[in-house]
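[1] Here is a sequence with its predicted model. Questions after.
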2 protein chains.
Amino acid sequence: MAIKVHGATLSTATMKVCACLNEKGLDYEFVHVNMRVGEHKKDPFLSLQPFGQVPAFEDGDLKLFESRAINQYIAYTYADKGTPLVFQNPKEMAKALVWMEVEAQKYDRPASKLTWELSFKPTMGKPADDALVEEYVSQLSKVLDVYEARLAQSKYLAGNSFSLADLNHLPTLSYLMGTSVKAVFDSRPHVRAWCEDILERAAWKKVVDMKNNQ
Amino acid sequence: MAIKVHGATLSTATMKVCACLNEKGLDYEFVHVNMRVGEHKKDPFLSLQPFGQVPAFEDGDLKLFESRAINQYIAYTYADKGTPLVFQNPKEMAKALVWMEVEAQKYDRPASKLTWELSFKPTMGKPADDALVEEYVSQLSKVLDVYEARLAQSKYLAGNSFSLADLNHLPTLSYLMGTSVKAVFDSRPHVRAWCEDILERAAWKKVVDMKNNQ
């Protein structure tokens, strides 16, 4: 099989790439990286990903890392397969790039920190840091205020069709829906409708199933 | 004039966009946003940039924000002008996307925090926070170890020609060269040569001149 994802099913960055491949209907081999024994911090993994973080990606002889870069590559290279995740029209694509960057630069940090505090730490028997949670909820709320205004104008972040700009949110969104932070999303009606819509996608449910069956 | 950059010449994100426009040889109008009186936190600026952060960008009726998204738009839309900053070959472009993401996800945070501590705070008569500086120097050093290995293989991050993956580093790189953190770059010979090379580009010097003449 030409496409390989080296990662861990609990990892949000890994899940992001799998969601993209599923939207495209592409077959791939999932190579489990055992992070408990530190496989991501030594060769051969480090030769694929020099920062020692999952996932790493192969498509034939092309080796990539950084989940958002991998997803852009998949979306452009397999543009004619499955769900169109990028736009042909340059102005529409420019808007999508803006919201892809908003996810990466504004949404991701508070969302990932809250996922760690409220979803991962409890499974390890560690208490959440309440002060950090409060700080990141405040940051996330400001981001979601902008999303609420945006999603009142268009069904999805980049326009009226689902794109990478939406997809890249799914892993943290999914984790946070199982925590008290769900209320922060639910209190904004357009954000709530957007979350419900994108979390219902078949390609995403396949990622959740893979995680649950691991 | 069709292209407008709404920003501040001291802002690293604004400088990044100006560097890109200069590389492309594109004329643009610079609209100064007076952040001292909070112009970025009210209309009309907020209608261009809902997060209240510079820069915002206009190209005719297209309005964009997020400096990395703006630069990708410029590089693709004006592909036939000035310096090629993206690649036509999909595999080369995929590599460029990886290193653009590395800048955004790994390099930028420690570099921006150090720029704040060591370059901006002193001009305001505030002392740097030594513990934070130590933490971010440690993070930056790990990133630059990966850069050193990469730049031993190719002259620039994405390959053998200058691209957006390099360009997006310039503003923080330039500030940090005037601080003690210069030694962290200089101690890695390939990183040092890369810094010297890209900081010498005419398009970048024009940005520095604009800042110094403000």
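    That came in fine, so what should we check first? Computed from a prediction, not measured in an experiment: that's the story for all the values here.
[2] these two touch, right, residue A:110 and residue A:132?
    No: look at residue A:110 against residue A:132 with C-beta atoms under 8 Å: they stay out of range, at 10.0 Å. From N, CA and C alone the C-beta is placed, and that goes for glycine too.
[3] When those two are compared, which one has more neighbours?
    residue A:110 (24 against 14; other C-beta atoms under 10 Å in any protein chain shown).
[4] Chain B contacts on chain A?
    A:50-51, A:62, A:64-66, A:68-69, A:72-73, A:76-77, A:90-91, A:93-95, A:97-98, A:100-102, A:104-106, A:142, A:146, A:149-150 (C-beta under 8 Å from any C-beta of the partner chain).
[5] Show me the helices in chain A, by range?
    Counting by DSSP state H, chain A has helices at residues A:12-23, A:45-48, A:67-77, A:90-102, A:108-115, A:121-123, A:130-151, A:164-167, A:170-176, A:182-186, A:189-199, A:202-212.
[6] For chain A, give me the ranges with low pLDDT.
    Residue ranges of chain A with pLDDT under 70: A:1.
[7] How is it divided into domains?
    Using automatic domain parsing, the domain parsing of chain A gives A:3-84, A:90-204.
[8] looking at chain A, which residue ends up farthest from its center?
    Most distant residue from the mean C-alpha position of chain A: residue A:43, 25.8 Å away (C-alpha atoms, centre = their mean).
[9] show me the contacts for residue A:143.
    A:102, A:106-107, A:110 (C-beta atoms under 8 Å, 6 or more residues apart in numbering or on different chains).
[10] Quick check on those: which are buried?
    Buried members of the contacts of residue A:143, scored by 16 or more other C-beta atoms under 10 Å in any protein chain shown, are A:102, A:106-107, A:110.
[11] for the domains of chain A, which one sits closest to residue B:180?
    Judged by C-beta to C-beta, the one of these that comes nearest to residue B:180 is domain A:3-84, at 24.9 Å.
[12] Now do the closest one: distance from first to last residue.
    19 Å (C-alpha to C-alpha, to the nearest Å).
[13] Same question for stretch A:121-132.
    13 Å.
[14] try stretch A:193-210
    Taking C-alpha to C-alpha, the first and last residues of stretch A:193-210 lie 25 Å apart.
[15] before we move on, back to that, can you say which of the helices of chain A is nearest to residue B:119?
    helix A:108-115 (22.4 Å).
[16] what's in contact with that closest one?
    A:12, A:132-133, A:136-137, A:139-140, A:143, A:169, A:172-173, A:175-176, A:179, A:181.
[17] redo that, cut-off 7 Å
    The contact list for helix A:108-115 (C-beta atoms under 7 Å, 6 or more residues apart in numbering or on different chains) reads A:12, A:132-133, A:136-137, A:139-140, A:143, A:172, A:175-176, A:181.
[18] Could you do stretch A:49-61 as well?
    Residues contacting stretch A:49-61 (C-beta under 7 Å, 6+ apart): A:2-8, A:11, A:13-14, A:17, A:33, A:40-41, A:45-46, A:48, A:63-65, A:67, A:70, B:106, B:146, B:149.
[19] Give me the buried entries from those.
    Buried subset of these (neighbour count, 16+ other C-beta under 10 Å): A:3-8, A:11, A:13-14, A:17, A:33, A:40, A:45, A:48, A:63-65, A:67, A:70, B:106, B:146.
[20] for the contacts of residue A:143, which one is nearest residue A:213?
    Looking across the contacts of residue A:143 and measuring by C-beta to C-beta, the closest to residue A:213 is residue A:107, at 28.2 Å.
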